[in-house]
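[1] Have a look; sequence and predicted model below, questions after that.
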Amino acid sequence: MTIDTSFLASLDAWKARRLANLKAADGWLNIIGRWWLDAGTITVGSAPDNGIVLSAGPARLGTLTQADDGAVTFAPANGSAPIHVEPNKKHPPKFTVDGLLIEITTLNGENALRIRDINSTAPDRLAPIEYFPADPKWRIVADWVPFEAPKGMTVDTTGDILTEVEVTHKAVFTHDGQRYELIATHGTPDSPQFVLKDPTSRDSTYQASRFLFGEEVTDKTIVLDFNRAINPPCAFTEFAVCPLPPPENVLPFRIEAGEKRLH
């Protein structure tokens, strides 16, 4: 089978961006910890007598205070000005102190502290990600069908934490003459995110799920390029909480496309 060179070039460019994002300072490879937060003040640093003990960074990184309303203030021990943030689920606030990237994440109204070591060598140690052979047949133009009204859905996660999402559309497509549907549970209107699973999870792909982001979205169609199906963050770090696929997104046929399971 001869594959169009522009298709391969576009896929190779996407793989390069994917790898760069993983290895970036705010990627998934250099996270050193994640801690749930309670109201009050706690010390943070690598010294063992801190309330939150880090595996990297200075002995005294600073103190973190969470107010009763969830607002967070971080006072660096290096004497720089305190940093005040309002948690945002969709756009978690981030700031850098002494070589550490600090992020306040929110899940079900509860905040957590997540810290990345900007100087970590972990990104350099990532083994190459294996892919199934590129195949244009797995680039599918699906119908993009809105629900009559947005509806709530409960989504489980790898942390056994149930989360509530609002879904507005489903992608409808055919494979080997059969009709299938995928529900976008996350993402944005321009890049809807599908959490899916198929029988390759038994032997070739990440066991819990893979992610696929829709492309070229119009009011009637959406492109599902399964060559760009990826491992979720929790495949790279224990400090991520990833959504699991709803029952509607567990497909009965093998999708031999996209990223394979990590070694």
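    Yep, that arrived.

[2] any idea where the strands of the stretch 101-250 of the chain begin and end?
    110-117, 139-155, 163-175, 178-183, 186-187, 192-196, 210-213, 221-225 (DSSP state E, counting those that start in this stretch).

[3] I'd like the ones you listed laid out as a markdown table, including distance to Ser80 and mean neighbour count.
    For glycine as for every other residue, the C-beta is placed from the backbone atoms N, C-alpha and C. Listed next are the strands of the stretch 101-250 of the chain as a markdown table, based on distance: least, C-beta to C-beta, whole Å; neighbours: other C-beta atoms under 10 Å:
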| stretch | distance to Ser80 | mean neighbour count |
| --- | --- | --- |
| strand 110-117 | 17 | 20 |
| strand 139-155 | 39 | 13 |
| strand 163-175 | 35 | 15 |
| strand 178-183 | 45 | 16 |
| strand 186-187 | 35 | 16 |
| strand 192-196 | 36 | 22 |
| strand 210-213 | 37 | 24 |
| strand 221-225 | 45 | 20 |
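
[4] Looking at the ones you listed, which is nearest to Lys90?
    strand 186-187 (9.9 Å; C-beta to C-beta).

[5] Tell me how many other residues crowd Val72.
    Using other C-beta atoms under 10 Å, Val72 is surrounded by 19 other residues.

[6] How about the contacts made by it?
    Val72 is in contact with Leu37, Leu64, Thr65, Gln66, His84, Val85, Glu86, Pro87, Pro93, Ile104, Asn111, counting by C-beta atoms under 8 Å, 6 or more residues apart in numbering.

[7] From these, pick the one nearest Leu262.
    After measuring the contacts of Val72 against Leu262 - C-beta to C-beta - the closest member comes out as Ile104, at 27.8 Å.

[8] And the pLDDT for the closest one?
    Looking at Ile104, its pLDDT reads 97.

[9] And the one 3 residues further on, by the same measure?
    On the pLDDT scale, Leu107 is placed at 91.

[10] Name the residues linked to it by a beta bridge.
    Leu107 has the following beta-bridge partners by DSSP bridges: Glu110.

[11] Tell me the spacing between it and Trp36.
    Here Leu107 is placed at a distance of 9 Å from Trp36 (C-beta to C-beta, to the nearest Å).
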